[in-house]
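# have a look at this fold, sequence not included:
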C-alpha cells in the first residue's frame, strides 16, 4: 500500500515493486522502501489495540497491496516472556525471551514465509524454489499450499526430520542433498536459471525480510515503545537481525520510538562463526566458513548473502557478535527447560549462552533489559534430548520420588 | 479472586477452594463456581482490548487469587482461521478452524496445565502425578518446571515420542507403560494413594477444566460475542468440551453473549467411541471401550471420568456425537495441509472428518458457521506423514516440475 520502491543498500539502485524482482544488478539483496510520512499520517499506535494479535497488525508497514493476497495462519505477536529464573543464573535479572516457537510451523521462519508468499501470490508467481536448513522450507511449503504456489525445496539430508514432513504434507516438491545448505543453494540456483523459477532463497527476494522485521516492531510494542537495551539474535542467514534493525529504524522515522536503538548482538556457533570472525576483524563482510558444523543446525550457514547488512546493523548500534560452543548451547538448552519451562530450539539456547558470555565480559550490565529471540520450538528437535525412561508393565508400582 | 466454592455437578455437595481438593466424596469431578454478579460488575468486554493475547486476559473468570502464582508461557488466544478452501470441499463454506497447535507445548493441553499448575502452586502442592496419552504430560511437566513442582508422569510407550522428551527436558519423573492410558491411570492411582501425592489426572482436580474453558471464551470473543452455530471437538477425556460449555454458560450468565448456545459435537474415532455409543443409546454415561485403537492417540480414552458431563453438554445444546474412521482422519489430515497450510494433529483432522459426515447427513446446514478445534500441532506427529524424497549429491540437477 505504502511501498514506494525497492532499493539496493549497496549501490543505491532503485527498482519498481510491481513485478517479481530478485537481487540488484550488482548482486546485493534489495530492500523495500515505504513512504513513511504517509504511513504515519494514517497509522497510529492506538489503531493496534483493535487488531488481531498477528504480524498483519502492522499492515501499513508491510508490502502487500490487496488484502485478498494475504496468506496468514495467525503468525506473530509471539509471547514476550520474563525469564527471571534463567536470568538470575547468568546475572541478568531483566532477561526476556521472545518465544517464536509459538507460531505456525514452530519457527520464526513463518514470518518471512507469510509475507514472502503473500507477495509472491500478489506478483503472480506460480512456482518458487529455495534451499533451506529445514525450517524455512517447512514454512514456505506450508504457506505456498493455500496460495496455490508450487514450492521446490532442497535441504541437507541432516536437516531436522520433521521439516521434510512439513514440506511433503503441504504438497511441496522436496529434494534432500548429501551436503550443506550451500550445496542445496547451488542446485536451486541452477534450477532457477534453467527453468526461470522464482528464487525464494534467503535475501534473493526482498519480502521475506519484511516479515522478519515484525519481530522488531513487536518487541517495541511489547515494551510500550521503549526499546530494550540489548537484543540477542542467533544468526544464520541473518535476515531476522537485518529485519529487526530495519523495523526499528522505520519506527524511529515515524516517531513511534525515540532515538535510542538497542545494541544488536549476533550469536553464532563456534563451529560456524563467519559473522563473528568478520566483526572481530572489523570487516564489512564475511568469508566462507570451511567445514562448518554445529548442533544448532539452523545457524549452520557458512556465508550469508546479507552478511554486510548484518555487520552494518551491529556496527551502527554498537552491538557485537559472539560465538558459543555446542556444549554451552546444550547446557543452556537444559537450563531454559528446567527453570523457565521453555523447550527451545538449539539456536535459541545459543542466544542464552551468548547472554551469559556477554554478562561475564561486562558487555551487558546487570541492570540492563535484554531480549533474546528463541527462533523456534524444541518440538522440532527431539534429538537434543536423550532419555531412557523406565518401562513398566500394567499393574506395576513406582517408587516414592524424594 | 471471585471463586465462591467448588461444587459437585452430580450430588450438589460443595467444598472450599483454599486447600487441595480432588474429587467429590461421591466420586464425581468437582467444578469451580464464581460469583458472576460480582465478576460482571468489575469486568467489561472493553477491558480486553488492552490485555495480552493469552488466556489470562480472562483473569476474573479464572481461579488464581495471587497473580504471583500465575505460571504462564503465553498460552491462548490461538488463531481463529477461516478455512474456506477445506470448507468448500465438504460443503461448509463458513468453516473455521481454531488452531490450538499455536500454543506452548504445541497442544491445547497447555491451557489446562497453565491454570492447573498455577493453582497447584497457590495451594502449596510440591509433587503431583498423572497418567497421560502424551500431550497432557508434556504440558504439565513444562509448567511444573518454573513452578518448582515435581511432576510424576506415566504414559503408554506408544504415546508420541516427542512428548516423553518434553517431560524429560523439563525435569519430570517419567515412566512408560506397556499398555493404555487406563493402565497408566492405575499406576498413578496407586502412587497417589501410597504416597499422598496430588492427583493431577483428568478431572481429578478441578482447575484444569478452568484453563480449557478459555477455548469457549476465546471463540465467543473472536466471533464478536456472537457464538457460531456448531462447535466440533475431538473427545478423549472430554475436558475441553465440558470446559467450552461451562465457559459459554458463564458468559451467558454475565450477559456477554445471548441465549443462543452453539450445538456441541463430540468426535471420536470408530476405534474408541464410548461417548458416541452412549449418545446413540441416549445414555447418561459411557461404558468402558474394550481393545480401543486409533491413529488419533490423544482420543484413545476408553472411559472418561467426566463422560456424564460431556453427554450433558451435548444433550443441553442439541449437539451430537459422531465417530470417524482412521482412514477418513488421515484423508482430511492431508486435505487440511494441502489446502489450508494446516499441519494438524490427527485429532484435529478427525474433527474435519466429522464435519464432513455431519454435513452429508444434513445435520449441519450449508450456511451455518462451524468452528472446529485443532487441538495440537502436527509437528508432534511426524509418523502421520510417510515420505521418501529423492537424495541428491552436491552438483546434481533437478528436473523441471510441471
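Done, it's in. Since the model is a prediction, treat every value here as computed from it, not as a measurement.
# which SSE is the residue nearest the centre of chain A in?
In chain A, the C-alpha nearest the mean C-alpha coordinate belongs to residue A:240, at 4.0 Å (Cα atoms, centre = their mean). Taking DSSP states H and E as the definition, one finds residue A:240 inside helix A:239-254.
# relative to residue A:273, how far out is residue A:43?
As judged by Cβ to Cβ, to the nearest Å, residue A:43 and residue A:273 stand 39 Å apart. Heads up, the C-betas are built off the backbone N, CA and C, glycines and all.
# compare neighbour counts for the two and give me the winner.
residue A:273 (25 against 18; other Cβ atoms under 10 Å in any protein chain shown).
# so how far is residue A:309 from that one?
Taken as Cβ to Cβ, the span from residue A:273 to residue A:309 is 18 Å.
# would you mind listing what in the stretch 101-250 of chain A touches chain B?
A:101-106, A:127, A:142-146, A:150, A:152, A:154, A:157, A:161-162, A:164-166, A:168-171, A:173-179, A:183, A:186-187, A:190-191, A:194-195 (Cβ under 8 Å from any Cβ of the partner chain).
# all strands for the stretch 151-300 of chain A, in order.
A:173-177, A:198-199, A:230-234, A:263-269 (DSSP state E, counting those that start in this stretch).
# and among those strands, the most buried is which?
Burial of those is given as mean neighbour count (mean count of other Cβ atoms under 10 Å in any protein chain shown); strand A:230-234 ranks first at a mean of 29.
# partners of that one in the sheet?
Next to strand A:230-234 in the sheet, as set by DSSP bridges, lie strand A:263-269 (parallel), strand A:370-374 (parallel).
# look up the pLDDT of residue A:401 for me, please.
With respect to pLDDT, residue A:401 has a value of 73.
# please name the residues that touch it.
Residues counted as contacts of residue A:401 (Cβ atoms under 8 Å, 6 or more residues apart in numbering or on different chains) are B:127, B:150, B:152, B:173.
# equivalent analysis for residue A:398, please.
A:392, B:152, B:154, B:175, B:187, B:190-191.
# go with 6 Å
Residue A:398 makes contacts with B:175, B:191, as judged by Cβ atoms under 6 Å, 6 or more residues apart in numbering or on different chains.
# quick check: residues of the stretch 301-402 of chain A near chain B?
Taking Cβ under 6 Å from any Cβ of the partner chain as the measure of proximity, the stretch 301-402 of chain A contacts chain B at A:337-338, A:340-341, A:343, A:379, A:382, A:385, A:387, A:389-394, A:397-398, A:400-401.
# weed out the non-buried ones from those.
A:337-338, A:340-341, A:343, A:379, A:382, A:385, A:389, A:392, A:398 (16 or more other Cβ atoms under 10 Å in any protein chain shown).
# which pair of the residues you listed spans the longest distance?
A:340 and A:392 (29.9 Å; Cβ to Cβ).
# buried set for the helix holding residue A:240?
Buried residues in helix A:239-254, counted by 16+ other Cβ under 10 Å: A:239-252, A:254.
# what helices or strands is that helix leaning on?
Packed against helix A:239-254, as judged by 3 or more Cβ pairs under 6 Å, 6 or more residues apart in numbering or on different chains; DSSP states H and E, are the following elements: helix A:36-42, helix A:208-212, helix A:214-222, helix A:307-316.
# now do 8 Å
With contacts taken as 3 or more Cβ pairs under 8 Å, 6 or more residues apart in numbering or on different chains; DSSP states H and E, helix A:239-254 sits against helix A:36-42, helix A:208-212, helix A:214-222, strand A:230-234, strand A:263-269, helix A:307-316.
# got the ones you listed as TSV, with distance to residue A:356 and mean pLDDT columns?
Shown next, in TSV, are those (distance: least, Cβ to Cβ, whole Å; pLDDT from 0 to 100):
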stretch	distance to residue A:356	mean pLDDT
helix A:36-42	38	98
helix A:208-212	25	98
helix A:214-222	21	98
strand A:230-234	11	98
strand A:263-269	11	98
helix A:307-316	19	98
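# point out where the stretch 201-350 of chain A drops to low pLDDT.
Judged against pLDDT under 70, the stretch 201-350 of chain A has no low-scoring part.
# for residue A:62, what are its contacts?
A:55-56, A:115, A:210-211, A:214.
# need the contact partners of whichever strand or helix holds residue A:33.
Residue A:33 is part of strand A:31-34, with elements assigned from DSSP H and E. Applying Cβ under 8 Å, 6+ apart, the external contacts of strand A:31-34 come out as A:2-9, A:14, A:17, A:61, A:63, A:206-207, A:209-210, A:246, A:250.
# neighbouring strands - and their directions - for that strand?
Applying DSSP bridges, one finds strand A:31-34 paired with strand A:3-7 (antiparallel).
# how far away is residue A:207 from residue A:324?
According to Cβ to Cβ, residue A:207 and residue A:324 sit 31 Å apart.
# over to residue A:366?
According to Cβ to Cβ, residue A:366 stands 20 Å off from residue A:324.
# more crowded one of those two?
Each of residue A:366 and residue A:324 has its neighbours counted (other Cβ under 10 Å); residue A:324 has more, 28 against 10.
# next, the closest residue to residue A:142 other than its chain neighbours: phi, psi?
For residue A:142, ignoring the flanking residues on the chain, the nearest one in space by Cβ to Cβ, 6 or more residues apart in numbering or on different chains is residue B:341 at 4.6 Å. Main-chain torsions, residue B:341, degrees, to the nearest 10: phi 70, psi 20.
# and residue B:341, what does it touch?
A:71, A:73, A:104, A:142-146, A:170 are the contacts of residue B:341 under Cβ under 8 Å, 6+ apart.
# over to residue A:305?
Counted by Cβ under 8 Å, 6+ apart, residue A:305 has contacts A:23, A:29, A:201-204, A:237.
# for residue A:231, state which of the residues you listed is nearest.
For the contacts of residue A:305, the nearest to residue A:231 is residue A:237 (17.0 Å; Cβ to Cβ).
# that closest one and chain B: what is the separation?
Relative to chain B, residue A:237 is positioned 19 Å away (Cβ to the nearest Cβ, to the nearest Å).
# count of neighbours near that residue?
Using other Cβ under 10 Å: residue A:237 sits among 27 other residues.
# can I assume it is in contact with residue A:204?
No: the pair residue A:237 and residue A:204 does not pass the contact test of Cβ atoms under 8 Å, sitting 10.5 Å apart.
# before we move on, the earlier item: what's the closest of the strands paired with strand A:230-234 to residue B:289?
strand A:370-374 (40.3 Å).
# quick one: mean pLDDT for the closest one?
98.
# could you point out which element follows that strand?
strand A:391-392.
# and that following strand, what other elements does it pack with?
strand B:173-177.
# what pairs with the strand it packs on, parallel or antiparallel?
strand A:391-392 (parallel), strand B:150-156 (parallel).
# just these: most buried one?
When the strands paired with strand B:173-177 are compared using mean count of other Cβ under 10 Å, strand B:150-156 is most buried, at a mean of 26.
# please name the nearest non-neighbouring residue to residue A:135.
Nearest to residue A:135 is residue A:107, by Cβ to Cβ, 6+ apart, at 3.9 Å.
# quick one, the helix holding residue A:240 and strand A:370-374 angle?
130 degrees (axes from the mean of the first three to the mean of the last three Cα atoms, to 10 degrees).
# okay, now stretch A:70-77: how far is its last residue from its first?
17 Å (Cα to Cα, to the nearest Å).
# could you do stretch A:166-179 as well?
Span of stretch A:166-179 from end to end, Cα to Cα: 20 Å.
# quick one: mean pLDDT over that stretch.
Stretch A:166-179 comes out at a mean pLDDT of 97.
# off-centre distance for that stretch?
Mean-position distance between stretch A:166-179 and its chain equals 20 Å (Cα atoms, centre = their mean, to the nearest Å).
# likewise stretch A:303-320?
14 Å.
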